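1. With the input below, show me the fold.
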Amino acid sequence: MDDIAHESVPLHSLPRKRKADSDDACDNSDIVCPSPAPSIHELATSPSKLPAPLSVQTNTSSLRWPPEDGPSANASPLSPSPSSSTSPTDPGSPSRTKRPRIDTCLTPTAAKSRKRSEPRRTQDVISALESLKGDWRWITYPSGETRLAASWPPGGHCRDAPILDELCPVTPTSPGSASPISSSSRIVIPIDPCSPYIPVRNPPINKDTLKELDLDAILRNPQLRHDFLFDSGLQFRAAASRRKREQADTYWKAVLTELESGCTCVTFDTHGKPSGCVCVCRRLPTPPADPIIACLPLRRRLTLRMPSRIKPLLQELLLVLLSIISPQTALVSTSPQSGKTSIQDRLKQQQEQAQSLRAVLDVDLIEQEMRHGLFDPSGAFDVIGQILKSHCAPMRDQAVDAMVQLAKTCAPGAGGSKADAVRAIRECFELLELMKLDIANHQMQTYRPYIIHMSPNFELRTFKERPNRGLAPVMITEQWLTSAHRRLADSDYKLALPDRPLPFMMLGKRSRVILSVIRGLVDLVFSPPSPVPLSSPVITTTSPSHQLVPNIVAQLPDYPETLFLDHSRLIQLTKDAADVTSVYLLLMLYRQLLVSSHQGAAPRRDVHIEDIDMQAIKKEILELAPRNVGRCFLRVRPSSDPQSSQAEAREFEKWRSGMQSVVLQVASRASEARQPPSTAPSSSNLGLRAPEPHLLKVAESWSDSHFKLESPLSSLMRDRLRDAVLDMVVQTVFIRGNSNPLASSPSGEQQPARKLATGMEPLSPEIRQLSERLSKLAVLHLNVYQTLYEQDDFSAGW
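-> Take a look at the predicted model:
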């Protein structure tokens with residue numbers, strides 16, 4: 001009964017029928033009202049995520065927006081569109097057939113009150129929606145939701161303004177002003193233009209989404225080129241997030257529905273939540289060029305009649321196919337091994353293939369054939385398959401054959417369905433994405449020597465030309481480097497050369513700059529100047545260059561400006577250093593429990609600690625430890641979002657519970673090691689016994705006292721680890737890297753690494769790995785900015 005596509009008739013074929021007073025008040029006709037396109041620039045959300053502007057129409061005689069290049073060039077984007085002279089309230093306008101009466105359990109007084117109030121309120125809403133042709137604006141709630149609203153009456157304020165249901169429980173705020181807008185003077189259409197329930201108009205894989213895989217986009221992407229220096233095997237992979245999969249499933253389901261029934265409607269209730277589809281395709285038989293809102297106030301529903309997705313689908317398929325075959329020609333034309341004849345042959349082949357694709361993917365012809373039920377996709381896919389095989393890797397041939405065979409089942413008499421045709425097109429898009437990724441990965445490896453050779457000049461130019469530099473573009477960097485130089489000078493640091501140690505202040509300026517950079521990087525890892533996000537944002541290397549790092553730079557405002565491409569890397573190093581510190585403390589706890597006394601007894605001295613036992617304890621700690629085991633040593637910025645705060649509280653409780661389990665395991669192992677050899681468990685009974693009560697109490701008290709950022713013992717352990725890492729990085733970068741100012745050893749001779757302090761031996765693999773990663777960061781950073789740091793602006797007082 002709610003499907004008006006099956007219960008309504010053409011608008012101009014019914015006479016106006018007068019209703020009796022006893023008729024149901026809900027019998028009023030649902031309406032479709034006019035409204036101009038709201039300005040996209042007033043939206044709080046990203047315009048790239050928005051569908052086309054929403055149009056609200058009265059009847060089928062005015063289903064189109066004025067063209068963008070209309071007669072008035074100065075027309076405002078908020079100016080009203082031409083509307084029909086026929087109004088639903090006009091006595092000459094048609095009405096729907098009567099709906100059957102729905103009996104409800106109402107008292108006579110309530111029923112009488114409803115008969116008086118509901119028609120009047122419904123008529124007010126209808127009149128309001130018809131009168132607000134040029135007054136629609138986007139408003140944004142404090143929660144960030146965007147809605148379409150209009151003042152009532154236009155240009156004024158009314159205490160009893162009609163509201164389309166109670167749609168404004170929270171006072172919205174206009175994006176252009178901070179003052180609240182009274183919800184009692186607004187009519188709100190509560191449809192979020194970025195709702196995931198509205199299928200996108202273009203396929204999820206299209207030319208724009210694959211544009212960042214082009215060679216020129218790769219070479220313009222500073223974050224990608226910088227990450228490529230750290231990982232030579234860096235490759236592009238297809239995105240496999242849950243949100244993208246759901247978005248793709250919603251889109252292809254909408255395409256199948258349109259092919260089977262021609263319906264493009266999406267229905268929401270009065271609270272903006274998705275609802276069962278109330279189709280309006282019979283009232284709006286032709287898919288509009290822009291989305292149209294069909295207002296159904298009596299049903300408490302709002303239906304969007306979306307534009308057709310078939311034509312954009314075919315257009316994007318052709319564009320992506322053309323972009324796949326064109327890069328191959330560019331690679332061959334720039335290859336020094338290719339002769340002149342091969343280049344001409346490839347160009348001719350590419351032109352012939354492009355003509356074939358345009359012929360089999362003629363959008364207008366395909367739409368005409370689809371309207372008459374004559375379109376056969378098997379022939380088009382046969383041509384597409386032959387072209388793709390000439391460009392794809394041999395490993396993709398089987399997928400191409402499967403796609404062509406699936407399309408052939410859709411030929412007349414082959415028994416295929418429209419669902420098979422949609423699946424074939426979807427597989428074609430997914431295959432094209434994989435081929436584009438193969439091409440991009442091949443280009444990355446081909447141009448790898450060029451990227452590495454040009455990286456210092458490119459990154460320095462990118463740093464100098466970056467936006468939002470401000471009046472002091474390197475102020476934090478100067479303070480960071482000067483502070484590191486001062487700490488080295490005040491601590492009487494001596495460079496451990498092979499023949500003799502050399503005091504820091506006796507080194508040349510270039511050597512002191514290198515050591516200051518190394519010390520500054522190590523301090524950033526062990527003592528970060530800004531709170532570290534526990535879930536660091538993932539920087540997508542295929543993002544546009546102007547959208548690469550603004551979010552994470554805003555989260556780390558106190559880091560040096562010259563490290564703007566390494567913030568995510570420094571965050572991960574900081575987390576790893578905190579984890580190593582936490583494991584170091586747990587191993588220290590194990591040593592303390594082995595020799596601890598009880599009730600005034602003398603400490604035990606007969607317990608011998610073997611290296612193999614410490615390695616076994618470390619392995620058990622790493623297996624039982626919670627995620628981010630060192631989070632207690634990180635300064636975390638509190639979240640302003642209540643939901644995020646609750647999630648962080650739950651994560652902290654999980655961490656606390658996991659640490660209690662680890663402490664219990666350490667105490668049990670210590671209790672077992674304290675037992676005399678005669679009472680030790682045999683190899684046939686390896687079950688772990690409960691720890692001694694006093695040991696468990698000591699362990700829990702010890703962990704509560706020292707697993708804190710402000711604990712003196714944890715600070716001492718962290719400083720020891722920092723000094724060990726600093727020594728290893730200096731040995732790797734300064735001495736082994738042939739940066740020795742005295743050049744006392746041959747460049748190929750490797751100096752032995754300094755021995756770790758007592759108690760760090762089990763952690764030598766972790767310390768070495770952390771040092772190697774920091775050494776690589778230091779070397780690449782100095783390759784770019786060392787000449788800048790040696791200028792007098794940075795080291796005037798050195």
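2. Quick check, pLDDT for the closest residue to R225 other than its chain neighbours.
-> Spatial nearest neighbour of R225, excluding adjacent residues (CB to CB, 6 or more residues apart in numbering): I451 at 5.5 Å. Yep, even glycine has a C-beta here, placed from its N, CA and C like the rest. According to the prediction, I451 has pLDDT 91.
3. what's I451 in contact with, if anything?
-> Counting by CB atoms under 8 Å, 6 or more residues apart in numbering, I451 makes contact with 219, 225, 228-229, 444.
4. what about it, which SS state?
-> helix (DSSP: H, G, I helix; E, B strand; the rest coil).
5. Equivalent analysis for P528, please.
-> Per three-state DSSP, P528 ends up coil.
6. give me every residue that touches it.
-> Counting by CB under 8 Å, 6+ apart, P528 has contacts 570, 574, 634-635.
7. Tell me the one of the residues you listed nearest A359?
-> L570 (54.3 Å; CB to CB).
8. Make sure I have this right: the closest one is in a helix.
-> Yes. Assessed with three-state DSSP, L570 lies in a helix.
9. Just the pLDDT at it, thanks.
-> At L570, pLDDT is 94.
10. That one against D523, yeah?
-> No. Counting by CB atoms under 8 Å, L570 stays clear of D523, with 11.1 Å between them.
11. ok, those two, which is more surrounded?
-> L570 (21 against 17; other CB atoms under 10 Å).
12. Run through the residues that contact the closest residue to the more buried one other than its chain neighbours.
-> In space, and not counting its chain neighbours, L570 is closest to L524: 5.8 Å by CB to CB, 6+ apart. Counting by CB under 8 Å, 6+ apart, L524 touches 480, 559-560, 563, 570, 574.
13. so how far is G415 from L524?
-> 65 Å (CB to CB, to the nearest Å).
14. what does A399 give?
-> On the measure of CB to CB, A399 and G415 end up 22 Å apart.
15. Which one's more surrounded, the two?
-> A399 (17 against 9).
16. How about that one, nearest residue that isn't a chain neighbour?
-> Among residues not flanking A399 along the chain, L431 sits closest, at 5.4 Å (CB to CB, 6+ apart).
17. Give me the buried positions along the helix or strand L589 falls within.
-> L589 belongs to helix 567-595 when assigned by DSSP states H and E. With burial defined by 16 or more other CB atoms under 10 Å, the residues of helix 567-595 counted as buried are 567-571, 573-590, 593-594.
18. Just the buried residues of the one helix or strand I387 maps to, please?
-> Using DSSP H and E, the element containing I387 is helix 377-389. Buried residues in helix 377-389, counted by 16+ other CB under 10 Å: 377-378, 380-381, 383-385, 387-388.
19. do stretch 365-380 as well
-> Applying 16+ other CB under 10 Å to stretch 365-380 flags 366, 375, 377-378, 380 as buried.
20. Take those residues and write them to JSON lines, including distance to P533 and pLDDT.
-> As requested, those are arranged in JSON lines below (distance: CB to CB, whole Å; pLDDT from 0 to 100):
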{"residue": "I366", "distance to P533": "49", "pLDDT": "93"}
{"residue": "F375", "distance to P533": "52", "pLDDT": "89"}
{"residue": "P377", "distance to P533": "48", "pLDDT": "91"}
{"residue": "S378", "distance to P533": "52", "pLDDT": "91"}
{"residue": "A380", "distance to P533": "49", "pLDDT": "93"}
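21. May I ask which two of those are separated the most?
-> I366 and S378 (13.2 Å).
22. Extract the C-alpha trace of the following helix or strand past the helix holding I387 and format it as PDB.
-> Downstream of helix 377-389, the first helix or strand assigned by DSSP H and E is helix 397-408. Output in PDB follows, covering the C-alpha atoms of helix 397-408 (Å, rounded to 0.1, in the frame of the first residue of the first chain):
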ATOM      1  CA  ASP A 397      45.100 -14.000 -18.500                       C
ATOM      2  CA  GLN A 398      43.000 -16.500 -16.600                       C
ATOM      3  CA  ALA A 399      41.000 -13.700 -14.900                       C
ATOM      4  CA  VAL A 400      40.400 -12.100 -18.300                       C
ATOM      5  CA  ASP A 401      39.200 -15.400 -19.800                       C
ATOM      6  CA  ALA A 402      36.800 -15.900 -16.800                       C
ATOM      7  CA  MET A 403      35.400 -12.400 -17.300                       C
ATOM      8  CA  VAL A 404      34.800 -13.000 -21.000                       C
ATOM      9  CA  GLN A 405      33.100 -16.400 -20.400                       C
ATOM     10  CA  LEU A 406      30.800 -14.900 -17.800                       C
ATOM     11  CA  ALA A 407      29.800 -12.100 -20.300                       C
ATOM     12  CA  LYS A 408      29.100 -14.700 -23.000                       C
END
